[in-house]
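S.K.: Let me see the structure of the following:
(one chain, ligands or ions: 2)
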Amino acid sequence: MRDNLMSLPDYHVHPDFSFDAKGTIDEFCKAAIRKDLTEICFTTHYDTDPRLPEHHRYMRINGELVPTSIDNIGVYVDAVHKAADKYIGHELLVQCGVEIGYFSGCEDEMRKLFQKYQFHYKIGSVHQVNETDICNQKSMKIAPSKYDLDRFADLVYEDLIKSAESGLFDVLGHIDMYKKYGIQPYGERINNIHEGRIDKLFDAMIENGCGLEINTASLRKGFAEYYPSMAIINAARSAGVRIVAVGSDAHRPEEVGYDFEGAMGVAYELLPYRGE
Ligand SMILES: [Zn+2]
Ligand SMILES: [Zn+2]
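M.R.: Ligands and ions are numbered 1, 2, ... in the order given. Purely as a prediction, here's the structure:
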């Protein structure tokens, strides 16, 4: 029996099935137990946006990179379920989720994916707009040569709104992650591009039962605030958008539950979250 079980579940975790992550499901579960987490939800990447570089559209199975596909992801689902059986006896609830890299046009494939597998938790994330990879420093560096900040903001928020309107997701992931590599090329003004755009996004989220994730990965990247910023979190709350989970977006076992003590103070409505 562990003594300190007051912690939030971690609902955004990438095991090494994600091409950009290290550490097995087992290693992540052990790390979660070490940090006194009682629940962990794996959310491997499912990115199939044809505009992304090829390696982003791959997942890793037994050390080999293979295309992310409805069939291939079955190996991940089975592995998480196996861990769930194993760790339930160690007081760790292991859930199987997924992080979809949303792009307009992915809806049919996602419907098929969600018909085939009963994911406990589905994150919709915008990782790409037009030919710009928001998660890539080099790609963001040249973004201003393609669109000014207003145009960039419109593109991001149009896709965020469409992802909410698709009705496919429980939550939108890291909604202002564009600040990560966007401040340098666009300046601090990028921190405010939600203004005048986010109300429409909140309406779409509420109408479609889609909540907000608080993602602590930003702190690992040197930011003082989470994704999204407190300004957005507070606006979401007052608009009636539900905060549904906190996620570390861990890509290494040691990152599980990162800064969850701090996140508990922000996401106080979540103690404890048990899904729907
Ligand atoms: Zn993501
Ligand atoms: Zn992620």
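
S.K.: and Tyr268, how many neighbours does it have?
M.R.: 10 (other C-beta atoms under 10 Å). All C-beta spots, glycine's among them, are computed from the backbone N, C-alpha and C.

S.K.: Pull the contacting residues for the spatially most central residue of the chain.
M.R.: Centroid-nearest residue in the chain: Gly173, 3.8 Å away (criterion: C-alpha atoms, centre = their mean). Going by C-beta atoms under 8 Å, 6 or more residues apart in numbering, Gly173 touches His12, Glu99, Ile123, Gly124, Ser125, Glu213, Asn215, Gly247, Asp249.

S.K.: residue boundaries of the strands in the stretch 101-250 of the chain?
M.R.: 121-125, 128-129, 132-133, 171-172, 211-215, 243-247 (DSSP state E, counting those that start in this stretch).

S.K.: Nearest to ligand 1, out of these?
M.R.: strand 121-125 (4.0 Å; C-beta to the ion).

S.K.: so what does the closest one touch, helix or strand wise?
M.R.: Judged by 3 or more C-beta pairs under 8 Å, 6 or more residues apart in numbering; DSSP states H and E, the packing partners of strand 121-125 are strand 39-47, strand 93-101, helix 149-165, strand 171-172.

S.K.: Show me the contact partners of the shortest one.
M.R.: Same thing as strand 171-172. Contacts of strand 171-172 (C-beta under 8 Å, 6+ apart): 121-125, 160, 163-164, 205, 210-213, 244-245.

S.K.: Taking the residues you listed together, which two end up most distant?
M.R.: Tyr121 and Leu160 (18.5 Å; C-beta to C-beta).

S.K.: Just want the angle from the host helix or strand of Ala32 to strand 39-47.
M.R.: If you go by DSSP states H and E, Ala32 is part of helix 25-34. Angle, helix 25-34 to strand 39-47, by axes from the mean of the first three to the mean of the last three C-alpha atoms, to 10 degrees: 140 degrees.

S.K.: Just read off the phi/psi values of Val266.
M.R.: With angles defined as degrees, to the nearest 10, Val266 sits at phi -90, psi -40.

S.K.: what's the burial count for it?
M.R.: Val266: 18 neighbours (other C-beta under 10 Å).

S.K.: Quick one: residues contacting it.
M.R.: Here Val266 is in contact with Ile214, Tyr226, Met230, Ile233 (C-beta under 8 Å, 6+ apart).

S.K.: who in the stretch 51-200 of the chain is up against ligand 1?
M.R.: Ser125, Gly173 (C-beta under 5 Å from the ion).

S.K.: circling back: can I get the contacts of Val266 in JSON lines with pLDDT, neighbour count and distance to ligand 1?
M.R.: Formatted as JSON lines, the contacts of Val266 follow (pLDDT from 0 to 100; neighbours: other C-beta atoms under 10 Å; distance: C-beta to the ion, whole Å):
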{"residue": "Ile214", "pLDDT": "96", "neighbour count": "25", "distance to ligand 1": "14"}
{"residue": "Tyr226", "pLDDT": "94", "neighbour count": "25", "distance to ligand 1": "14"}
{"residue": "Met230", "pLDDT": "95", "neighbour count": "11", "distance to ligand 1": "20"}
{"residue": "Ile233", "pLDDT": "96", "neighbour count": "19", "distance to ligand 1": "18"}
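
S.K.: Verify the stated contact: Ala217 with Val256.
M.R.: No: assessed by C-beta atoms under 8 Å, Ala217 is found out of contact with Val256, at 11.5 Å.

S.K.: so what sits against both of the two?
M.R.: Common neighbours of Ala217 and Val256 (criterion: C-beta under 8 Å, 6+ apart): Ser248, Ala250.

S.K.: Just give me the neighbour total for Gly222.
M.R.: 7.

S.K.: whoops, I mixed them up, Asp71
M.R.: Asp71, neighbours per other C-beta under 10 Å, totals 9.

S.K.: on that earlier part again, in CSV: the contacts of Gly173, plus neighbour count.
M.R.: Formatted as CSV, the contacts of Gly173 follow (neighbours: other C-beta atoms under 10 Å):
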residue, neighbour count
His12, 27
Glu99, 28
Ile123, 30
Gly124, 26
Ser125, 29
Glu213, 29
Asn215, 26
Gly247, 32
Asp249, 26
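
S.K.: Looking at those, which two lie furthest apart in space?
M.R.: Largest pairwise distance in these, by C-beta to C-beta, is 14.3 Å, between Gly124 and Asp249.
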